[in-house]
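Engineer: No letters, just coordinates:
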DNA sequence: GCCAAATCTTAGCCATGGCTAAGTTTATGC
DNA sequence: GCATAAACTTAGCCATGGCTAAGATTTGGC
């Protein structure tokens, strides 16, 4: 019933793999927030905390706490009771996150995943795709378009 | 310079996407641990805390704390100063995680990602791939083998 | 222009998952 | 079989990211 054995790799190598995943996790919330804030600014003219919280499906105080961290780390600016703005650093991250997200989403569609599932999965996957893999995704999207 | 606008989706829908990612995150550590513990038992006969910690690249107390949580939640058993065992529930999760991990890894290889990158990326991606997408991955692996 | 509603902040709680330092138990080597 | 080394636990720290309850500010309607 069990799968075939796989030999254990070098402990240090394996540790580096997990270390990389932990670092990706640290950036996840940041990327999700700036991407969402950017979307809101584009389509609604401004990003209000109430809207960020609603779209993330969390409470306003939770969203506010993370926004404070983003401000501390230089991704956004905002004054009390005002809307949220992206810094240059935040805008850059939003742009690259969005691009990455779009590629993953389109790739999933290209290989035959349904639109609904592609939307769900791309949100989780986008933070863990390396540049190399992203390049392969891009190539496959292009091939698909040609057909 | 900016990407094209994408229309905002329904707030509630979007919230559900993020909710799903948060739930996946909750399972990630659990899956990584049981998968690793299973690997250690298979190849070394037992899983010692010192080895789990080393391979995850974290301190022994940190690993120990999570093992305690896994025990509380019924995935593993272990007595003080003894090695770690999987419960049936833990073994089942390890098996399905391993299978999922293998499919993601082989899929990346099949589409042309390097072995090194496939190893890195599959560790981050495995927790966020839906059953539907996994099915598509499997199909593509099979097609590749045929060629 | 004032009152109510909406928005935002503050305070304080919890779980997870990292860490170090120090103590306990088990295993090992001589 | 005893001293030392290795493995493990305990205690206590921190950051993140959830929550609720309650207070402050801003906005909007009349």
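Structural biologist: Yep, that arrived. Just so it is clear, the structure is predicted and the values come from calculations on it, not from any experiment.

Engineer: switch to C-alpha atoms for all contacts and neighbour counts from now on
Structural biologist: Will do.

Engineer: List, one by one, the residues from chain A near DNA strand D.
Structural biologist: Within chain A, the positions adjacent to DNA strand D are A:26-30, A:57-63, A:66, A:69, A:80-82 by Cα under 7 Å from any atom of the strand.

Engineer: which among the residues you listed end up buried?
Structural biologist: Neighbour counting with 16 or more other Cα atoms under 10 Å in any protein chain shown marks A:28, A:30, A:57, A:63 as buried within the residues of chain A next to DNA strand D.

Engineer: Can I get those in a markdown table including distance to residue A:97?
Structural biologist: A markdown table is the format used below for these (distance: Cα to Cα, whole Å):
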| residue | distance to residue A:97 |
| --- | --- |
| A:28 | 10 |
| A:30 | 10 |
| A:57 | 20 |
| A:63 | 19 |
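
Engineer: just checking, which of the residues you listed belong to helices?
Structural biologist: Judged by DSSP state H, the subset of those located in helices is A:28, A:30, A:63.

Engineer: Spatially, which residue comes closest to the second one, not counting chain neighbours?
Structural biologist: Right, the one you point to is residue A:30. Counting by Cα to Cα, 6 or more residues apart in numbering or on different chains, residue A:70 is the residue found nearest to residue A:30 once chain neighbours are left out, at 6.9 Å.

Engineer: From residue A:112, how far out is that neighbour?
Structural biologist: To residue A:112, residue A:70 is 36 Å away according to Cα to Cα, to the nearest Å.

Engineer: re the thing from before, for the buried ones among the residues of chain A next to DNA strand D, which one is nearest residue A:127?
Structural biologist: When those are compared for distance to residue A:127 (Cα to Cα), residue A:28 wins out at 6.3 Å.

Engineer: looking at it, that closest one is touching residue A:128, isn't it?
Structural biologist: No - between residue A:28 and residue A:128 there is no contact under Cα atoms under 8 Å: 9.2 Å.

Engineer: Name the nearest residue to residue A:56, sequence neighbours excluded.
Structural biologist: residue B:15 (4.8 Å).

Engineer: Tell me which residues touch that neighbour, please.
Structural biologist: A:54-57 (Cα atoms under 8 Å, 6 or more residues apart in numbering or on different chains).

Engineer: Tell me the secondary structure of it, please.
Structural biologist: With DSSP: H, G, I helix; E, B strand; the rest coil as the basis, residue B:15 sits in helix.

Engineer: Quick check: it vs residue A:111, distance?
Structural biologist: For residue B:15, the distance to residue A:111 - Cα to Cα - is 26 Å.

Engineer: One more: residue A:47?
Structural biologist: For residue A:47, the distance to residue A:111 equals 34 Å [Cα to Cα].

Engineer: Could you do residue A:11 as well?
Structural biologist: Residue A:11 is 35 Å from residue A:111, where distance means Cα to Cα.

Engineer: likewise residue A:131?
Structural biologist: In this view, residue A:131 and residue A:111 are 19 Å apart by Cα to Cα.

Engineer: mind listing what residue A:7 touches?
Structural biologist: Contacts of residue A:7 by Cα under 8 Å, 6+ apart are residue B:43.

Engineer: Quick one, which of the contacts of residue B:15 are buried?
Structural biologist: The buried subset of those - by 16+ other Cα under 10 Å - is A:54-57.

Engineer: wait, what's in contact with residue A:128?
Structural biologist: Contacts of residue A:128 (Cα under 8 Å, 6+ apart): A:21, A:24, B:121, B:124-125.

Engineer: What's the ChimeraX line that selects buried ones from the residues you listed?
Structural biologist: To isolate the buried ones among the contacts of residue A:128 in ChimeraX, judged by 16+ other Cα under 10 Å, type:
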select /A:21 /B:121,124,125
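
Engineer: of residue A:131 and residue A:111, who's got more company?
Structural biologist: residue A:111 (17 against 11; other Cα atoms under 10 Å in any protein chain shown).
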